[in-house]
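>>> Quick one: sequence plus predicted model below, questions after.
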Amino acid sequence: MSGGTTYCVSGFGKGLDMRPMNFKDTVQKIRVCSLCNVIPNTVVLLPCSHSLCELCFDKCLEDGERCLLDQERLGQECVEKLTLSEEKLATWQVACWNTPYGCSFSGSSVGVLDHFEKHCTFHAVCCSRCDHYVLRSDVVGHLKSGCTALLTEDGPGTSSKRRVGTSVGDVGKAIGEMKDAVGKMTDEQLHLQSSLNELLESTHYQTAEITKVLEHIGEVRSSVLIGHETTEANCKEQILRLGDRLSSQMMDIARSVRQLRPRIIHWYLEGWEKIKEEALVKPFAYTESEVQTLYGYAVSQNIEMKKQDEQLRLHSFMRIHASQNDDDLEWPFKYDCRVGLIHPRAHSKILARVHANKPEHRENFKRPVGLRNTGLGSFLETVTSIESRGFIENDRLHLFVEIIP
């Protein structure tokens, strides 16, 4: 098929599933599985911007919860699903499967299936005598002609049949092409022989050079044995200098690598209504995210919802945890951060600032002695305001912690 992009679809049935379809319209990349290149009825959108069908997504969850294309972490809590309806699929123009055999029909996916099964006259079959493909409607004439009328695959807009015959001229042309190919092979063999001769000459030259180097090494070895103590002292001094230089370079590399570490973490909080119910019957409701890496540090985000002045108020905190990377990090943690909420559609934010450099916050941001430090944050907004402004969608709230540049 030509003149479009070919994909298989999945989840639509009715003779369409896993049959290559040539789409005349441009198909959005987000609709196509980034791994198997199939257009499914439901696609899973990953935080790293790749799209997966549900089959590939489940396999990735089983195999370490990582995107196979960029190794970014994925999970049920941080993905979105996009559905493709049959009505939407039917609006895309698709070419007939018999396009290679001369059919120029194109229509909706449902329409092209109906055309292919009921009306298309360009179905090709294999001749029982010569094993060549011919149109089914022409097979009788093909047999009567002595199997000389063969089907070609010139594509839409061109003749679908061509009379061809085997002749001495064709055989001669084939022999000429074979002679040309043999001539090229001979030329290549001569070129390879010439290259081999040059390689042998180079090998002889390199052998002579290596012999000279070995002789020089012998001379140097004699000098080293004579001046062993002096040479040893010089070597130690050079090693110390090299160690200092390498230490400085490693610190530079560490600083550069730190700049590449993520400066923001996201938390998709599920069960908003349940948290509200708990805050209404208890002094407060508290929950904490899983530990993530923020600029190399192990960090979690926490929320506390409690009733005050007849209103539920939401507070957000960040907390430093102990990790195996702590020896390579600077302490105390000294980066001012923003904690807040992100609107699911408008991408507006509700923010609060966490000042890590204030003296009264030193205990919160020192290197953890135990498993974790006490969290630090502030009031964000009332629950009523958060809900009325549309920050809650599908019982879920999007929170984040970000290092301020």
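Sure thing, it's come through.
>>> Point me to the residue sitting closest to the centre of the protein.
Leu69 (3.3 Å; CA atoms, centre = their mean).
>>> Contact partners for that one?
34-35, 48, 50 (CB atoms under 8 Å, 6 or more residues apart in numbering). Every residue, glycine included, has its C-beta placed from N, CA and C.
>>> 6 Å instead?
His50 (CB atoms under 6 Å, 6 or more residues apart in numbering).
>>> That one in helix, strand or coil?
coil (DSSP: H, G, I helix; E, B strand; the rest coil).
>>> now swap in Lys118 and tell me
helix.
>>> what about it, how many residues close to it?
7 (other CB atoms under 10 Å).
>>> quick one: it from Pro344, how far?
46 Å (CB to CB, to the nearest Å).
>>> ok so, going back, against His398, how distant is the residue nearest to the centre of the chain?
In terms of CB to CB, Leu69 sits 24 Å off from His398.
>>> now do Leu45
To His398, Leu45 is 14 Å away according to CB to CB.
>>> So for the two, which sits in the more crowded spot?
Neighbour comparison, Leu45 and His398: the larger count goes to His398, with 19 against 15 (by other CB under 10 Å).
>>> next helix or strand past the lowest-mean-pLDDT helix or strand in the chain?
Least confident helix or strand, the chain: strand 161-163 with a mean of 36, by mean pLDDT, DSSP states H and E. Per DSSP states H and E, the first helix or strand lying C-terminal to strand 161-163 is helix 168-226.
>>> average pLDDT for that next one?
Helix 168-226 carries an average pLDDT of 78.
>>> Just list what it packs against, helices and strands only.
Judged by 3 or more CB pairs under 6 Å, 6 or more residues apart in numbering; DSSP states H and E, helix 168-226 is in contact with no other helix or strand.
>>> Adjust the sequence numbering to begin at 759 for everything that follows.
From this message on, residue numbering opens at 759, which makes the last subject helix 926-984.
>>> So Leu972 versus Cys993, what's the distance?
22 Å.
>>> And Cys766, by the same measure?
66 Å.
>>> Where does the prediction get shaky in this protein?
759-761, 907-932, 1009-1018 (pLDDT under 70).
>>> mind giving me the domain ranges of it?
Structural domains assigned to the chain are 763-861, 874-921, 1022-1161, following automatic domain parsing.
>>> Mind putting the ones you listed into JSON lines with distance to Arg979?
Converted to JSON lines, those look like this (distance: least, CB to CB, whole Å):
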{"stretch": "domain 763-861", "distance to Arg979": "49"}
{"stretch": "domain 874-921", "distance to Arg979": "74"}
{"stretch": "domain 1022-1161", "distance to Arg979": "42"}
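>>> thinking again about what came up before, so for Cys766 and Cys993, which sits in the more crowded spot?
Cys766 (16 against 11).
>>> would that one count as being in a helix?
No - under three-state DSSP, Cys766 sits outside any helix and is assigned strand.
>>> residues in contact with it?
So Cys766 contacts 776, 778, 796 (CB under 6 Å, 6+ apart).
>>> hmm, 7 Å instead?
Contacts of Cys766 were listed using CB atoms under 7 Å, 6 or more residues apart in numbering, and they are 776-778, 796.
>>> I'd like to know how many residues surround Cys861.
21.
>>> Which residue, other than its chain neighbours, is closest to it?
Phe880 (4.0 Å; CB to CB, 6 or more residues apart in numbering).
>>> that older thread, tell me which of the domains of the chain approaches Ile933 most closely.
domain 874-921 (22.2 Å; CB to CB).
>>> Who does the strand or helix carrying Asn780 pair with, and is each partner parallel or antiparallel?
Using DSSP H and E, Asn780 sits within strand 779-781. Take DSSP bridges as the rule and strand 779-781 pairs in its sheet with strand 763-768 (antiparallel), strand 852-853 (antiparallel).
>>> now those strands in CSV, with distance to Pro1117?
CSV is the format used below for the strands paired with strand 779-781 (distance: least, CB to CB, whole Å):
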stretch, distance to Pro1117
strand 763-768, 60
strand 852-853, 68
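>>> For Gly865, find the nearest of these.
When the strands paired with strand 779-781 are ranked by distance to Gly865, counting by CB to CB, first place goes to strand 852-853 at 6.8 Å.
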